[in-house]
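Novice: Sequence isn't available, so here's the structure alone:
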């Protein structure tokens, strides 16, 4: 059953219509799961108009969501908690063993999503401690209508003005709600809010159609006053309170880990696996580095005077230092990345690794200022699930003017000639962009929304890592040993990220120990290591998704090919056309 179509978006059917159609079609598990999926995706998106606009849902229950801002007041949070609690109970009344593989995958996503929402709303009460949540919501609510052509420009600017008028309420809710906050979260929110002020006062203002200028100026004046009040509150009061911790305890971390990474086992299991794999990858890197080192520094004679670990460290480090010296300039970075995306697209097409999207809707562009403190290197925003012909955005953070020379060099060395290519593979082609374009073909639309907006974290993050490995294995970049070694460093990064996250939140890892792991153990530049440590403190259970997901993708391909004898291309196409299902559900869905 498809919900009624309204102005290019899908709108949830009324309860009466759903009940009537349900009575006609019977009470099978499949019908129940489909009905629950519809109810879940449209209801949850209605809680967040900013997310609804990004997903292509513009109207819900006769309301224009594009002109609304999220309600994060206590009453709204209580309402959401009741919804998730009731919905979770309804899901758990069903028996997944009697479901089809497709329905079981959808059921699993909803069980994990409702569990994660209750963990945040009821147990952790994140809305009482995280100022970043409010300013991120605000920035996305204003920026999406500005860059995404889902309606004529004049209509989108009316939506922006409407949302601007609601900014005081949102930020008053933030001030009233936040009882305590970790200083690092507040400092990040200060940076984001400063960027939003500039976005509203400069960038968006410059693009206002002349006939809407007065309306925009009036709305912006109201919003900017509220944003500056909130900025003053954060800068002069909240950041000095620092009266909440950013870590999760062992039990809380384990439960959040389960909701986000159900295919990753337990955090303790993951730590054992990653630390074992860490040593294996470094050993492979040493084997790759030795011939390069002999050519690069014959006078060093492979450092026979050092012990095994010190020798490994020196040889790999010196070769990576040499590789890092070949890099873009601040001025050429964006164009170099665009060229890498096109090179990746042509190589994937020649090798027939998978079916590439037919459109040309990917835009490579700078990260907006308000997102830089969150997306220190790059980020990806897919095309709206309900309007997939619109643009997808691959954003890379430019080198800011005035950054000290040593920090500029550190950043460029980390994302050197080879690493920038791997970033293009992981994020664009055949990575996240190709994955989301395939997911945006899933039918019916409510399943598409579930598997794109609410899809499994390990599937999404893991595909990018796996796709980069698959491309290099096929000879991308000419079977270059430098690329192979850089890929080893990329794999080491994903492993170190997982170790970092688990040890920070469960084992009280210190900042010094974390930076040693990243810089010495994983050969990261100082700029990169410091940003990664900061990111781990702003999130929990996000970073392990790359390693967990890539490992699951490799296992799924091996299992599917053993069962079906399929080519990698067939596996890739069929797996991507499912959308982001839990990794434990992927092969059952493909073989049912």
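Specialist: Happy to help now that I have it. Every value quoted in this text rests on a predicted model; they were computed, and no experiment measured them. Numbers count the residues shown, from 1 in each chain.
Novice: Every contact and neighbour count from this point should use C-alpha atoms.
Specialist: Noted.
Novice: ok, residue 371 - contacts?
Specialist: Contact analysis of residue 371 by C-alpha atoms under 8 Å, 6 or more residues apart in numbering lists 192, 195.
Novice: repeat that for 10 Å
Specialist: By C-alpha atoms under 10 Å, 6 or more residues apart in numbering, the contact set of residue 371 is 136, 139, 140, 191, 192, 193, 195, 196, 378, 379, 395, 397.
Novice: ok, of the residues you listed, which one's closest to residue 477?
Specialist: Using C-alpha to C-alpha, residue 378 is the member of the contacts of residue 371 that lies nearest residue 477, at 21.7 Å.
Novice: quick one: pLDDT of that closest one?
Specialist: pLDDT recorded at residue 378 is 94.
Novice: domain assignment for this protein?
Specialist: As assigned by automatic domain parsing, the chain contains the domains 1-122, 125-246, 333-591.
Novice: Dump these into JSON lines; add distance to residue 315 as well.
Specialist: Shown next, in JSON lines, are the domains of the chain (distance: least, C-alpha to C-alpha, whole Å):
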{"stretch": "domain 1-122", "distance to residue 315": "44"}
{"stretch": "domain 125-246", "distance to residue 315": "36"}
{"stretch": "domain 333-591", "distance to residue 315": "12"}
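Novice: mean pLDDT lowest for which of those domains?
Specialist: Mean pLDDT is lowest for domain 1-122 out of those, coming in at a mean of 82.
Novice: Quick one: distance of it to the chain centre.
Specialist: 21 Å (C-alpha atoms, centre = their mean, to the nearest Å).
Novice: Same check on stretch 572-584?
Specialist: Computed by C-alpha atoms, centre = their mean, the chain-centroid distance of stretch 572-584 equals 17 Å.
Novice: Verify the contact between residue 136 and residue 193 for me.
Specialist: Yes - using C-alpha atoms under 10 Å, residue 136 makes contact with residue 193 at a distance of 8.2 Å.
Novice: shared neighbours, these two?
Specialist: Common contacts of residue 136 and residue 193, defined by C-alpha under 10 Å, 6+ apart, comprise 370, 371.
Novice: Which of these two has more residues huddled nearby?
Specialist: More crowded of residue 136 and residue 193, by other C-alpha atoms under 10 Å: residue 193, with 27 against 17.
Novice: what helix or strand is the nearest residue to the more buried one once chain neighbours are set aside on?
Specialist: Once flanking residues are discounted, residue 193 sits nearest to residue 135: 5.9 Å by C-alpha to C-alpha, 6 or more residues apart in numbering. Assigned by DSSP states H and E, residue 135 belongs to helix 131-147.
Novice: Tell me the buried residues in that helix?
Specialist: 131-146 (16 or more other C-alpha atoms under 10 Å).
Novice: quick one, what contacts residue 529?
Specialist: Counted by C-alpha under 10 Å, 6+ apart, residue 529 has contacts 414, 493, 514, 515, 516, 517, 518, 519, 520, 522, 523, 535.
Novice: what's the answer for residue 549, then?
Specialist: The contact partners of residue 549, by C-alpha under 10 Å, 6+ apart, come to 261, 263-264, 456-466, 555, 582-583.
Novice: Mind checking which of these are buried?
Specialist: Going by neighbour count (16+ other C-alpha under 10 Å), these have 261, 263-264, 456-466, 582-583 buried.
Novice: Quickly name whichever of those is closest to residue 231.
Specialist: Once C-alpha to C-alpha is applied, the member of the buried ones among the contacts of residue 549 that ends up nearest residue 231 is residue 457, at 32.3 Å.
Novice: Show the contacting residues for the closest one.
Specialist: For residue 457, the contact set (C-alpha under 10 Å, 6+ apart) comprises 259-262, 463, 541-542, 544-546, 548-549, 580-583.
Novice: ok so, going back, between the buried ones among the contacts of residue 549, which is nearest residue 232?
Specialist: residue 457 (35.6 Å).
Novice: Quickly note the distance from the closest one to residue 57.
Specialist: Distance, residue 457 to residue 57, using C-alpha to C-alpha, to the nearest Å: 22 Å.
Novice: right, and residue 448 touches residue 56 too?
Specialist: No - taking contacts as C-alpha under 10 Å, residue 448 lies outside contact range of residue 56: 11.6 Å.
Novice: tell me, what's touching these two both at once?
Specialist: Residues within reach of residue 448 and of residue 56 at once, by C-alpha under 10 Å, 6+ apart, are 385, 386.
Novice: thinking again about what came up before, of the contacts of residue 371, which belong to helices?
Specialist: Judged by DSSP state H, helices contain the following of the contacts of residue 371: 136, 139, 140, 191, 192, 193, 195, 196.
Novice: Verify the contact between the second one and residue 227 for me.
Specialist: Going back to what we said before, that points to residue 139. No - in this structure residue 139 lies outside contact range of residue 227 using C-alpha under 10 Å: 11.1 Å.
Novice: Selection in ChimeraX covering whichever of the contacts of residue 529 are buried, please.
Specialist: To isolate the buried ones among these in ChimeraX, judged by 16+ other C-alpha under 10 Å, type:
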select :414,493,514,515,516,517,518,519,522,523,535
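Novice: Format the contacts of residue 529 as a markdown table; extra columns: distance to residue 239.
Specialist: Shown next, in a markdown table, are the contacts of residue 529 (distance: C-alpha to C-alpha, whole Å):
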| residue | distance to residue 239 |
| --- | --- |
| 414 | 31 |
| 493 | 31 |
| 514 | 24 |
| 515 | 24 |
| 516 | 27 |
| 517 | 28 |
| 518 | 27 |
| 519 | 29 |
| 520 | 32 |
| 522 | 32 |
| 523 | 33 |
| 535 | 18 |
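Novice: Tell me if I am right that residue 393 is in a strand.
Specialist: Yes - applying DSSP: H, G, I helix; E, B strand; the rest coil, one finds residue 393 inside a strand.
Novice: Just give the number of residues close to it.
Specialist: 22.
Novice: and after the host helix or strand of residue 229, which helix or strand comes next?
Specialist: Element membership for residue 229, per DSSP H and E: helix 213-233. Later in the chain than helix 213-233, the nearest helix or strand by DSSP H and E is helix 239-241.
Novice: and that next one, what does it pack onto?
Specialist: helix 183-198 (3 or more C-alpha pairs under 10 Å, 6 or more residues apart in numbering; DSSP states H and E).
Novice: quick one: buried residues of the helix it packs on?
Specialist: 183-197.
Novice: what angle do that helix and helix 131-147 make?
Specialist: If you take axes from the mean of the first three to the mean of the last three C-alpha atoms, to 10 degrees, helix 183-198 sits at 30 degrees to helix 131-147.
Novice: Specify the next element, helix or strand, located C-terminal of helix 183-198.
Specialist: Moving toward the C-terminus from helix 183-198, the next helix or strand (DSSP H and E) is helix 205-206.
Novice: distance between that following helix and the chain's centre?
Specialist: So, by C-alpha atoms, centre = their mean, the centroid of helix 205-206 is 29 Å from its chain's centroid.
Novice: With stretch 382-399 instead?
Specialist: For stretch 382-399, the distance to the chain centre is 12 Å (C-alpha atoms, centre = their mean).
Novice: Pull out the buried positions in that stretch.
Specialist: 382-388, 390-399.
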